[in-house]
Structures are given as C-alpha cells and as structure tokens.
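*Asks:* this one's sequence-less:
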C-alpha cells in the first residue's frame, strides 16, 4: 500500500517498498523552553533553522506542532506552516491535539498533508475525519480509544479494524490515506513494551497492509544510551513492517539505522542511496 | 533450546531467552599480516592482547583460528587454545577447516567447546561429527553442501533438516548441541542476500527452535559505513531468531546493537545489563 503526500511541488510516497520515511519531529515546542518563549513572543525565526537542520539530516517530511499554552494555536500553526513551506518543499505532517488548529493548518497548507493525529475515540473521529476528507489529506490514527492504550497487540489490532471501518466505511477516506500508529511505549517501564509494539506492527502489516508510523524515541524514554536503543528499534521495526517514524533527523546514528535497514531489506538496491549518503557525510567533514 | 558451552570454570548458555551471545572473532590471522608473521615465528604474545581487548569489549566467548599457510595448524591451534585459557575463563569456539587441527584443539581444550564448523558435506560430516561426539562438544553446522550455498531460505532450511538427521540421528549428538549457521552474504553483491538470511533464520527458529550463529560482518563486505550496517543487521537478525554472532567485540557500536536488542526484546529486564554497561563505559572515559 502506498500513502502519497505532497507539498506544492514535491511528492513523497510512504510504503513497504519505499525508503523508510523519516518525519522530522523538531518543529515542536514541547520540552524546548526558549523556542516556546520565542513563539509566544511572535518570533518564528528558529523554525527556519529547524527546517534547515532537518532537511540536512535527511528528513523526508517535517512534523509541525505549535502546542504551547496561552496562544491561539490555530493562528500560530497556520503561520508556522506557511513559513515552513517558504523554506522547504518537503511535505508536512500537521500536528495538533486541537481540532481548530488542525483545521487552520489544513487551510494554510499547500499540497496533500498528513494529519497528526486522531485516536479511536468516537467524538474525536467525528470531528477530525470530516476535515481530513474535505481537504483530501492523509491521517495518522492511533490505536488507542476511550479506555486508554491496550497492552496487547491483539487489542491494538482490533482498534485498527474499528478505525478502518469508521474512516473508510463511514467517512469514505481512501484506505491508503490511513497511517496507523501502533503506539510505542518505553521499555524502561515495561519489559514487554517493545515486543507488544513489534507484534502490533507485524499484525497490522499482515492483516491490513497499512502504512505505519510512530514516535521513534518513545521506547528509550528514561534510559541511558537512547540513540543506540532508538537506532536498533527502528531497524527492527522496519523489518516488522513499520514504514515511517516521527524522529529527530538531526541524530546521524538514528537516520543511519533507517537507511541501513533500507539497504539490508532490499529497498535501496546496490546501496545507491547508502553510498551517496556516506559520500556526502565524508565531504561534509573534509 | 539452550546450548551450553563451558571453559574450566565458566558456563555460557546460548538461547533465545538469553543475552545475545557475542563470540569475539579477533584471534584469527586472516587479513592480519603482522599477526600471521608473529605466529609463524612462534610468537603468540599478540593473542594475549586480543583476549584482553575482546573481554573488555563484552565478548561472551572467543573464537580461536590459527589458519595460516606453511605451519602445523594442529600444533599451533592447541598451543593457542592453552594460552587463551590461561588468560580468560570465557569458553572457546575452536575454529578450523582442517580436521586434524579441530582434533588437536579439542584435545587441548578444557571444558565443553563449540566447534566451528562443519558443512553439510557427507565426507566432512563423517570426519568431524565423531570428534564432536567423542569430546561432548557443540558444533556450528553451515547450511551449505557439496553443491554450494543455496540462495533461497527454503533450500537452506532443507539442508538444516539433513544436518539434524545426520548429526542427531546417525551420530547421536544431542540436538541442543547443534548450532546452525544460516549463512550471511554481502548485500553489496545481491540486494536480496540479507532478506534470504533473515528468512532462513525465521524458518529455522520456527521449524527447529535451534540456536544460530553467523559471521556478523559479512553482510556489509565491500560497502562503506560497515559498523552501522552490521549494527542494524544484528538487531534485526536477533529479532528474527539469531542467538549469537561471531563478530569483533572491539567495536562498541556493534556490541551496543546486540545489547540494545536484548533490552528491546525483553531479554534484559528493566535494562539492568544495559544500564550497567553504560555506566562502565562512562567510567572508562572519565
């Protein structure tokens, strides 16, 4: 299955036979105090730096989130999206928990966006899916519902089936525009957390052949050596059927792991992209 | 399934619920000209350095290979094994293509060794398996035969079935002492090479539940960025069912990938080993 997203001028295809899609997560004030203060003061200039760094790092798409308290998130997100689109042709993942902000972001965006995200909660689905349909966007659907995050793969896969019924059946969204988030939790809090996520990914791949994405760094929260854990996880998850991740494209070890998985899993024949990236990195240091 | 190997005083268990078994590959003159010359001149002192480096790097076992032209390999291998056992209590993987050298190595070794290796060639099996049986050793069996290395997973799995029939059926070697090498070839020469290896690993895990090992760096031969490729491969292969690899324990990125896979795949509960290794590494640099 191919999920196609677009900016004004560039198309990105997400799919199991495509390079692993790296969605740069950096344009997000969560945990970035100075950035949040800049944004609140109306200074969006750091966004331009973030765009440049993630493009240089190898992102295929950029997530844009403007979730800070006490601002008009809808207005700020629309402004940020326009600014990002002035500085890159990478497609955007419009990220908010506020429906009005998603709506403003979709209005401002030029192209076919990926909306991040909706849970399998009836009230959320009924507000967000009409917007997605209206704008012809793709949407990340999380495999949790009103009762919280199910622990087992079987329960998450069941939610995935419900999501498909509602989004495709009731709202006529094309199935290829559904991107599932199988949910990654830290292995520091539950030794089975990653195994559950991998089994969910494998199940969704086998049963629904859908594209999937997740937060690539969640699994290592609270642990030392996070880059090595995230790198190993993304390679393993890529083999399991994950086709994308929202991650920090500025971390070479993690980006490299995704590219390595592409080469190993025959999505980069003869290592053309691997070798090109290696030469670029060498040219940059010399 | 658990494969148990032993030195004079230490036991190592290989198995899918155990930490990924790192077999240090360094004590091998292949591609090490100066080391080969030392050995030929009767100077084995570099072996002691190699032992120390690999133990420090995190090896669980050490492979010992003395394959150089124009020496009495049997005598040299026996001597090397005695020397290694004086300097470490890690169990040894006795590595030679010369049957007499394997025999001398087994005679010299104190404990239960892992023999590296035998192919599924009738004449080799009939010479090596009696030695393995006599010494109560475990043995690495390669999934190739007289006709060469089969490309497909199905053909390699079929060879694995033959190996079990002969080793366990005819020579009464306990099945848990059979460690299969599913064969890893470079993805630089065949884009499907790693996928074939992974499918072989998954098939052998599902059908025979045997332990497996392989040369951890073969897949990246001829390519740039080998450490990143090997690291990603070992994490993915570990999830597929590989329980061990013969690899350079001096490369932190690769050792870390194996340990990361252990933590992610619930073989290192609460990250006890991961956190300890991280603290040790930090103490070493400060």
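*Replies:* Right, received. Where do you want to start? These numbers were taken from a predicted model, which means no experiment stands behind them.

*Asks:* now the residue most central in space within chain A, which residues is it bridged with?
*Replies:* The centroid of chain A falls nearest to residue A:246 when counting by CA atoms, centre = their mean (3.7 Å). When bridges are called by DSSP bridges, residue A:246 pairs up with residue A:23, residue A:215.

*Asks:* Contact distance from chain B - what residues of chain A qualify?
*Replies:* A:187-188, A:191-192, A:194-195, A:198, A:219, A:223-225, A:228-229, A:231-233, A:235-236, A:238-240, A:253, A:256-257, A:260-261, A:263-266, A:269-271, A:274-275, A:278-279 (CB under 8 Å from any CB of the partner chain). C-betas here are computed from N, CA, C, even on glycine.

*Asks:* What residues of the worst-scoring helix or strand of chain A on mean pLDDT count as buried?
*Replies:* When the helices and strands of chain A are scored by mean pLDDT, DSSP states H and E, helix A:272-285 comes last with a mean of 90. For helix A:272-285, the neighbour count (16 or more other CB atoms under 10 Å in any protein chain shown) marks A:273-275, A:277-278 as buried.

*Asks:* And stretch A:64-79, by the same measure?
*Replies:* A:64-68, A:71, A:73-74, A:76-79.

*Asks:* Near residue A:11, how many other residues are there?
*Replies:* For residue A:11, the tally of surrounding residues (other CB atoms under 10 Å in any protein chain shown) stands at 12.

*Asks:* what sits against the residue nearest to it when sequence neighbours are not counted?
*Replies:* Leaving aside its sequence neighbours, residue A:11 sits nearest to residue A:4 (CB to CB, 6 or more residues apart in numbering or on different chains; 6.1 Å). Applying CB atoms under 8 Å, 6 or more residues apart in numbering or on different chains, we find residue A:4 in contact with A:11-14, A:112, A:138, A:176.

*Asks:* ok so residue A:4 is a helix residue?
*Replies:* No - using DSSP: H, G, I helix; E, B strand; the rest coil, the secondary structure at residue A:4 is strand, not a helix.

*Asks:* three-state assignment of residue A:62?
*Replies:* In three-state terms, and counting by three-state DSSP, residue A:62 is strand.

*Asks:* ok, it to chain B distance?
*Replies:* Distance, residue A:62 to chain B, using CB to the nearest CB, to the nearest Å: 24 Å.

*Asks:* Likewise for residue A:134?
*Replies:* For residue A:134 relative to chain B (CB to the nearest CB), the value is 40 Å.

*Asks:* Three-state assignment for that residue, please.
*Replies:* Classified using three-state DSSP, residue A:134 is helix.

*Asks:* Return the residues in contact with it.
*Replies:* residue A:106.

*Asks:* Ok, residue A:11 next?
*Replies:* By CB under 8 Å, 6+ apart, the contact set of residue A:11 is A:4-5, A:91.

*Asks:* Show me which of the residues you listed is closest to residue B:171.
*Replies:* Using CB to CB, residue A:4 comes nearest to residue B:171 of these, at 57.6 Å.

*Asks:* what are the bridge partners for that closest one, then?
*Replies:* Bridge pairing for residue A:4 - DSSP bridges - gives residue A:13.

*Asks:* right, and residue A:164 touches residue A:208 too?
*Replies:* Yes - contact criterion CB atoms under 8 Å: residue A:164 and residue A:208 qualify, at 6.7 Å.

*Asks:* between those two, what contacts are shared?
*Replies:* With CB under 8 Å, 6+ apart as the test, residue A:164 and residue A:208 reach no residue in common.

*Asks:* how close does the closest residue to residue A:15 other than its chain neighbours get to residue A:211?
*Replies:* Residue nearest to residue A:15 in three dimensions, not counting chain neighbours: residue A:2, with 4.3 Å by CB to CB, 6+ apart. As defined by CB to CB, to the nearest Å, residue A:2 lies at a distance of 8 Å from residue A:211.

*Asks:* between the two, which one's more packed in?
*Replies:* Taking other CB under 10 Å, residue A:2 and residue A:211 do not tie; residue A:211 has more neighbours (28 against 12).

*Asks:* what residues are up against the more buried one?
*Replies:* Counted by CB under 8 Å, 6+ apart, residue A:211 has contacts A:1-3, A:14-16, A:176, A:178-180, A:243-244.

*Asks:* please redo it, this time with the cut-off set to 10 Å
*Replies:* A:1-3, A:13-16, A:18, A:21, A:114, A:138, A:140, A:176-180, A:204-205, A:241-244 (CB atoms under 10 Å, 6 or more residues apart in numbering or on different chains).

*Asks:* again with residue A:262
*Replies:* A:18-20, A:235, A:238, A:268-269, A:271, A:273-274, B:232 are the contacts of residue A:262 under CB under 10 Å, 6+ apart.

*Asks:* Now list the buried members of those residues.
*Replies:* Of the contacts of residue A:262, these count as buried by 16+ other CB under 10 Å: A:18-20, A:235, A:238, A:268, A:271, A:273-274, B:232.

*Asks:* so residue A:34 makes contact with residue A:68?
*Replies:* No - using CB atoms under 10 Å, residue A:34 is not in contact with residue A:68; the gap is 12.0 Å.

*Asks:* From the contacts of residue A:11, pick the one nearest residue A:119.
*Replies:* Distance to residue A:119 across the contacts of residue A:11 (CB to CB) is lowest for residue A:5, with 20.8 Å.

*Asks:* Name all residues that make contact with the residue nearest to the closest one when sequence neighbours are not counted.
*Replies:* Among residues not flanking residue A:5 along the chain, residue A:91 sits closest, at 4.2 Å (CB to CB, 6+ apart). When contacts are counted by CB under 10 Å, 6+ apart, residue A:91 touches A:4-8, A:10-12, A:14, A:21, A:23, A:60-62, A:85, A:109, A:111-114, A:138.

*Asks:* can you rerun that using 7 Å?
*Replies:* A:5-7, A:10, A:12, A:61, A:111, A:113 (CB atoms under 7 Å, 6 or more residues apart in numbering or on different chains).

*Asks:* Can you report phi and psi for it?
*Replies:* Here is the backbone geometry of residue A:91 (degrees, to the nearest 10): phi -60, psi 160.

*Asks:* For residue A:81, see how far away it is.
*Replies:* Distance from residue A:91 to residue A:81, counting by CB to CB: 11 Å.

*Asks:* now residue A:193
*Replies:* Distance from residue A:193 to residue A:81, by CB to CB: 33 Å.

*Asks:* Mind checking which of those two has more residues around it?
*Replies:* residue A:81 (25 against 20).

*Asks:* The spatially closest residue to the more buried one that is not a sequence neighbour and residue A:64, how far apart?
*Replies:* In space, residue A:81 comes closest to residue A:108 once its chain neighbours are excluded; the distance is 4.7 Å by CB to CB, 6+ apart. Here residue A:108 is placed at a distance of 10 Å from residue A:64 (CB to CB).

*Asks:* what residues are shared contacts of those two?
*Replies:* With CB under 7 Å, 6+ apart as the test, residue A:108 and residue A:64 both reach residue A:81.

*Asks:* hmm, back to that, name all residues that sit in contact with residue A:2 and residue A:211 at the same time.
*Replies:* By CB under 7 Å, 6+ apart, the residues touching both residue A:2 and residue A:211 are A:14-15.

*Asks:* per-residue pLDDT, residue A:144?
*Replies:* pLDDT, residue A:144: 96.

*Asks:* Which strand or helix spans it?
*Replies:* If you go by DSSP states H and E, residue A:144 is part of strand A:138-145.

*Asks:* Cool, thanks, talk later.
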